[in-house]
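Student: Here is the input, now give the coordinates:
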Amino acid sequence: MNIFIDTSILFTDPFFNEIFKKEILTACRLKKLNIFISEVVLKELMFNYEKSLDKIIIDIKNINTNSEKIIPNFEKLSILDKEVTLENLAFFYHELSQIQNFQVLPIFNDFLPIVLEKAIKRHKPFSEKKTELKDALIWLTYIKHINDNNLEENYLLTQNVNDFGLKKPDETFIIHPELKKECKEITLVNSFKEIHKIYKNYINQQEEKTKQKSFTWIENENIDANYVYDILSENYVDKISDNISNYIDKIDLDTYFEDSHLISMGGYTEVEELSWGNCTQIEVEVLEENAIISGILEISAEIYGYGYNSARDPGDEKFPFLGSNEIHFKIYFNFLIDEEDVHDFEITDIEDV
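Tutor: Here you go, the predicted model:
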């Protein structure tokens, strides 16, 4: 089984820290599957990682400056060393490249005429609205390796499904027919969670097993929505609350409150109350030593908005109250469970609905 990775799938987690990424990388280390990554992907990943670090450094400096003004004896947050952090990421992928089943594929000079023709004629992965050369280089790098080596069971792992894919009536994507002509033996996948499912099925078929070992303790737990709800409410209330607050902090005030001159000058929001709803779409993936539980938690939040009154008279509030609003959220989560404990809880996405 061969996995070819696009940059978009690594932007938010370049060190493979999320559960399903860890599992796939572990399988690669154990020589149960192959991972290929284009030199173009690494260059783009390093460039975007540096931009993210620049923003984080600015944010930390702003926090230090603003906090010193209003918090007595505030201890400054340390500013990370950007060059060292970039070196850490480069070293991480250098170490991965030393793994037998993890391979970095180079760019070939003879790709240029093909890329130029695709760009001029707007052949996939180009389009009338998208003309980035990197996608074409990544695609050519991968299909050359597949075709030259007659590889089977190949998967392109990307979130840029519109660039490489064609949407079907059921809202899923397949490799675009134009690209399918260039490489028949490849399937489009848009998440590590999905590739993890495919990998499990592949292992079962290869080893002629119906399922990996299922532990008696898992069978006896009767894991359902109520079971998962109890785990979350007993262990992760604060983490879920903090994630919702961080999510709301990044949203413009006029998303939740009527626009006014107070909003245009700035302001902030506060989460006053959370009401937990149901857990839905619970999935249990049994591993060799534990199990991954995934699902969606529905939450309603009462949020208060405060605008910035820059032209206030003496005695006026600096941040007058704008009003309140009830927002409904879907919290997408994963965590690990074994006989002793639950751990490695993570929130993979938040949606307001």
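
Student: Is residue 297 bridged to anything, and to what?
Tutor: Applying DSSP bridges to residue 297 yields these beta-bridge partners: residue 279, residue 331.

Student: For it, give me its contacts.
Tutor: Under the criterion of C-beta atoms under 8 Å, 6 or more residues apart in numbering, the neighbours of residue 297 are 229, 232, 240, 276, 277, 278, 279, 330, 331, 333. (C-beta placed from N, C-alpha, C; glycine too.)

Student: Please pick the buried ones from these.
Tutor: 229, 232, 240, 279, 330, 331, 333 (16 or more other C-beta atoms under 10 Å).

Student: which secondary structure element contains residue 138?
Tutor: Following DSSP states H and E, one finds residue 138 within helix 133-149.

Student: ah, wrong one, I meant residue 22
Tutor: Per DSSP H and E: helix 19-29 holds residue 22.

Student: Touching that helix from outside, list them.
Tutor: Residues from elsewhere that reach helix 19-29, judged by C-beta under 8 Å, 6+ apart: 3, 13, 16, 33-35, 96, 99, 101-102, 191-193, 195-196, 199, 287, 292, 334, 336, 344, 346.

Student: Can you tell me which of those end up in helices?
Tutor: Judged by DSSP state H, helices contain the following of the contacts of helix 19-29: 96, 192, 193, 195, 196, 199.

Student: Show me where the chain dips below the pLDDT cut-off.
Tutor: Scanning the chain for pLDDT under 70 picks out 109-132, 171, 173, 207-216, 259-266, 312-313, 315.

Student: So which residues of it form helices?
Tutor: In the chain, the segments counted as helices under DSSP H are 19-29, 39-70, 82-97, 111-121, 133-149, 161-164, 177-180, 192-206, 216-221, 225-235, 237-249, 261-264.

Student: Any idea how many residues pack against residue 271?
Tutor: 17 (other C-beta atoms under 10 Å).

Student: er, residue 70 I mean
Tutor: Number of residues near residue 70 (other C-beta under 10 Å) recorded here: 7.

Student: Just give me the closest of the ones in helices among the contacts of helix 19-29 to residue 326.
Tutor: residue 193 (30.3 Å; C-beta to C-beta).

Student: mind putting the ones in helices among the contacts of helix 19-29 in TSV, neighbour count and distance to residue 81 included?
Tutor: Formatted as TSV, these follow (neighbours: other C-beta atoms under 10 Å; distance: C-beta to C-beta, whole Å):
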residue	neighbour count	distance to residue 81
96	18	22
192	25	29
193	21	33
195	25	34
196	20	34
199	21	37
